[in-house]
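1. pasting a predicted model and its sequence here:
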Amino acid sequence: QGVLSELRRLDTRSQGIDQNEISGLAFAPDGALWVSSTQGQLYRLTV
């Protein structure tokens, strides 16, 4: 079985995203992190 390791935590509150509204994460080919919300919004995060 594979082992998962936490590499980093990111506090998104400073970028206007409440932790309880995140419904998905995706990395773009350029390395940008995108977050989808339960409110139907997409956010490009600065990491």
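-> It's in.
2. give me the low-pLDDT residue ranges for the protein?
-> Across the chain, the ranges flagged by pLDDT under 70 are 19.
3. quick one: the strands in it?
-> Secondary structure of the chain, counting by DSSP state E: strands at 22-27, 33-37, 42-45.
4. can the ones you listed go into TSV with extra columns for mean neighbour count and distance to R13?
-> For every residue, glycine as well, the C-beta is placed using N, CA and C. Output for the strands of the chain, formatted as TSV (neighbours: other CB atoms under 10 Å; distance: least, CB to CB, whole Å):
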stretch	mean neighbour count	distance to R13
strand 22-27	11	11
strand 33-37	15	12
strand 42-45	12	12
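5. got a markdown table for those, with distance to D11 too?
-> Output for the strands of the chain, formatted as a markdown table (distance: least, CB to CB, whole Å):
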| stretch | distance to D11 |
| --- | --- |
| strand 22-27 | 12 |
| strand 33-37 | 13 |
| strand 42-45 | 11 |
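6. hey, what's V35 bridged with?
-> Here V35 sits in beta bridges with L25, Y43, going by DSSP bridges.
7. from here on, count from 50
-> All set: I'll call the first residue 50, so the last point we hit is now V84.
8. now for L74: which residues touch it?
-> By CB atoms under 8 Å, 6 or more residues apart in numbering, the residues touching L74 are 82-85.
9. apologies, that question was intended for T95.
-> If you count contacts by CB under 8 Å, 6+ apart, T95 has them with Q64.
10. before we move on, what about E70?
-> Counting by CB under 8 Å, 6+ apart, E70 has contacts 86-88.
11. L53 versus that one, what's the distance?
-> Distance, E70 to L53, by CB to CB, to the nearest Å: 24 Å.
12. again with V84
-> 20 Å.
13. now swap in G65 and tell me
-> According to CB to CB, G65 stands 28 Å off from L53.
14. then T61?
-> Remark: distance between T61 and L53 (CB to CB) = 21 Å.
15. between those two, who's got more neighbours?
-> A count of neighbours by other CB atoms under 10 Å puts T61 above the other of T61 and L53, at 17 against 6.
16. list the contacts for the more buried one?
-> T61 makes contact with 67-68, 71, 84, 92, 94, according to CB under 8 Å, 6+ apart.
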